[in-house]
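K.L.:
just coords:
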C-alpha cells in the first residue's frame, strides 16, 4: 500500500496540482461559482413555473391566486439570470483571471463584457408588411414593403449557447489586457503634481483602448466569414463536448475519476470542478431554458444529476456506508467516526468519513467507494433515459440533503425522489459486506 | 494574537475542525483567531494571518500557496489526515501554534 501511495503521490499529485492551480481553469471555475446564487435563483424561477407535483393542478391554483399572468414573475427572473448566463460569466471569469495576475480586476471585467458585446453580430430585423394586420386591411401601397429595426440582439448570444464564446473572450481579452498593462510601455507619463488617482486612470486607458480596438478589428474580419465567435465555438467545441458529456460513458468517466482521486485522499470534485461548472452545470440550465420555452428537455447528465442521484452524503454516497455501520458495525472506532460524520453527511460533507474511517487508501472500501457510485450512475442514467424519471433542470446547492436534492432538481418529481431513495438503499447493501468484513478483521485481531 | 487560517475546497469541512480547535483554545485560555475559508477566498486574507493550514484533500495546492506566501513569511502546512478525519482540534491547534512560533 505504501508503494502505491508513493507512486500516486509522485504521478498524480503533480497532475492534480497542475489542474487545481492552473489559473485559467481556476478563473473559469470561480467565475461560475460567483454567479451561482443567480443561477440557483433562476432555477427556482423556472421551477416555480413548472412545478409538477402529482395530484394537484399547479397552474390552476397559481392562476386562481395570482391571476392568469402569474408566470411572468418566474419568466422575468429566468430572463435576467439563466438566459443571460454567458453575459454574466464574461464579467466574472475575466475578473477572476485578472485578479490572479494582480491586475485591476474591475477594469478587466468590464473590458471583457464590452468585448463580448463587440463580438455579437448587430442584427437588422425586418419583415414585409402583410395585407392585413389584426384583421384590419393595410393600404395597398404599403403591402409588401419591408419595415425593420436595427440594433437587435438574439438572446442566444447571451445565454447557454454562447457560454464557450464568453469563456474564450474573457480569457483572451484579459490575457491581452494584462500583457499590455504589465509591459508598462503604454503608461502615459503625467507631470508629478498630478494626483496618483488621476494618473492611474490614464495607466489603464491605453491598454483598454488597444484591446477593444483589436477585438473590434477581429469582429470586422469574423463577420465577413458569416459566423460569430460564439456560434463557431458552439458548433466546434461546446456541442461536441456536451454530446460526449451527456452519454453514459461520459457520466461514468466523471463518477469514476472523481472517486479515484478521493480514494487517494484528493478532493476529486474540486479537481474536476472546472469541467463540472463549465459543461455539466450549464447542461442543467440548458434544460431549464428549454423548459422555460415549453420545449422538451434533452440533457440527462448534468451537475444536478450527479448531486441528486450519485453524490448523496458526499462523494462515494457515504450516507449508505454510515447506515451500514450504524446497523451492523462492531468496531467502536468506526462507530464513533460514523457518529461524528453523520450530521454533516446529511449536507453532503463527508471528509470525516473519508479521512477518519478511513476510506483513503483503505483496500477494504475501495470497491464500494469507487464502483458503487459508478453503478448508481448507470442506474440513474438508464432510469432517466427510459423516462421513469424526468431530467434535471434545477441547480440545487450541493449541500441540499439527499433525496430532497433529487426532488427539487427535477421540479418536484416524486419518481426522482424515489430513485434517490432506491440508490441510497442499494448503497447500504453494497457497503454492507465490507462493513461485516471489517468486523471479522476486528474479531481476529482481538 | 495568532491568526490561523484553514483552507479547503469550499471552506465547509475545515469549518468543522475550526469549531473543535476553538474549543481546544478556549480550554487553554489561549487568545487565537481561527477561521476557515474556501480556496478561492484564501488570497484575500494573506495579509493578516500567522499560519495557513490546508485540508489534506487539497494538499496539491501547497506549492502554489507556498509561493504566494513566501514573501510574507507565513508558514503553510497540510493538516495530518488522521487528525483531520477524527476532528482532533487539540492536535491541529498544537501543530498550528508550533508552526506560527
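P.N.:
Structure received. This structure is a prediction, so every number in the text was calculated from the model and none was measured. Numbers count the residues shown, from 1 in each chain, chains lettered A, B, ... in the order given.
K.L.:
what's whichever residue of chain B sits closest to chain A in contact with, if anything?
P.N.:
As assessed by C-beta to the nearest C-beta, chain A sits closest to residue B:85 within chain B, at 2.9 Å. Backbone N, C-alpha and C define where each C-beta goes, glycine included. Each residue near residue B:85 by C-beta atoms under 8 Å, 6 or more residues apart in numbering or on different chains is listed here: A:337, A:351, A:352, A:353, A:354, A:355, A:356, A:357, A:358.
K.L.:
which residues touch the third one?
P.N.:
Meaning residue A:352. By C-beta under 8 Å, 6+ apart, residue A:352 lies in contact with A:337, A:340, A:341, A:344, B:13, B:16, B:85, B:86, B:87.
K.L.:
In helices only, show me these.
P.N.:
Mapping the contacts of residue A:352 onto helices (DSSP state H) picks out A:337, A:340, A:341, A:344, B:13, B:16, B:85.
K.L.:
could you dump these to a markdown table with pLDDT?
P.N.:
What follows is the ones in helices among the contacts of residue A:352, written out as a markdown table (pLDDT from 0 to 100):
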| residue | pLDDT |
| --- | --- |
| A:337 | 88 |
| A:340 | 86 |
| A:341 | 87 |
| A:344 | 87 |
| B:13 | 83 |
| B:16 | 86 |
| B:85 | 87 |
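K.L.:
from those residues, which is closest to residue B:97?
P.N.:
Ranked by distance to residue B:97 (C-beta to C-beta), the ones in helices among the contacts of residue A:352 are led by residue B:16 at 19.7 Å.
K.L.:
wait, doesn't that closest one sit right on residue A:344?
P.N.:
Yes - here residue B:16 reaches residue A:344: they are 6.2 Å apart, a contact under C-beta atoms under 8 Å.
K.L.:
State the distance from the residue of chain B closest to chain A to residue B:13.
P.N.:
Counting by C-beta to C-beta, to the nearest Å, the gap from residue B:85 to residue B:13 is 10 Å.
K.L.:
Would you tell me which residues of chain B are close to chain A?
P.N.:
Selection of chain B residues close to chain A by C-beta under 8 Å from any C-beta of the partner chain yields B:8-9, B:12-13, B:16, B:39-40, B:43, B:55-61, B:63-64, B:81-82, B:84-87.
K.L.:
May I see the PyMOL selection of the buried members of those residues?
P.N.:
Filtering those down to the buried ones (16 or more other C-beta atoms under 10 Å in any protein chain shown) takes a single PyMOL command:
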select buried, chain B and resi 8+9+12+13+16+39+40+55+56+57+58+59+60+61+64+81+84+85+86+87
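K.L.:
Tell me the secondary structure at the residue most central in space within chain A.
P.N.:
Among the residues of chain A, the one closest to the centroid is residue A:281, at 2.4 Å (C-alpha atoms, centre = their mean). Judged by DSSP: H, G, I helix; E, B strand; the rest coil, the three-state class of residue A:281 is helix.
K.L.:
And for residue B:53?
P.N.:
Following three-state DSSP, we place residue B:53 in the strand state.
K.L.:
So it sits against residue B:77, correct?
P.N.:
Yes - assessed by C-beta under 8 Å, residue B:53 is found in contact with residue B:77 at 5.9 Å.
K.L.:
who touches both of those two?
P.N.:
Common neighbours of residue B:53 and residue B:77 (criterion: C-beta under 8 Å, 6+ apart): residue B:95.
K.L.:
Among those two, which residue is more densely surrounded?
P.N.:
Per other C-beta atoms under 10 Å in any protein chain shown, whichever of residue B:53 and residue B:77 has more neighbours is residue B:53, with 28 against 17.
K.L.:
Now do the same contact list for that one.
P.N.:
Contact partners of residue B:53, counting by C-beta under 8 Å, 6+ apart, are B:4, B:5, B:6, B:7, B:14, B:76, B:77, B:78, B:79, B:92, B:95, B:96.
K.L.:
Give me the lowest-pLDDT entry from the residues you listed.
P.N.:
For these, the weakest pLDDT value sits at residue B:14, with 87.
K.L.:
Can you name the residues of chain A sitting close to chain B?
P.N.:
A:13, A:16-17, A:20-21, A:26, A:30, A:33, A:96, A:99, A:262, A:265-267, A:269-271, A:273, A:337, A:340, A:344, A:349, A:351-358, A:360, A:399.
K.L.:
which of those residues are buried?
P.N.:
For the residues of chain A next to chain B, buried by 16+ other C-beta under 10 Å: A:13, A:16-17, A:20-21, A:26, A:30, A:33, A:96, A:99, A:262, A:265-267, A:269-271, A:273, A:337, A:340, A:344, A:349, A:351-358, A:360.
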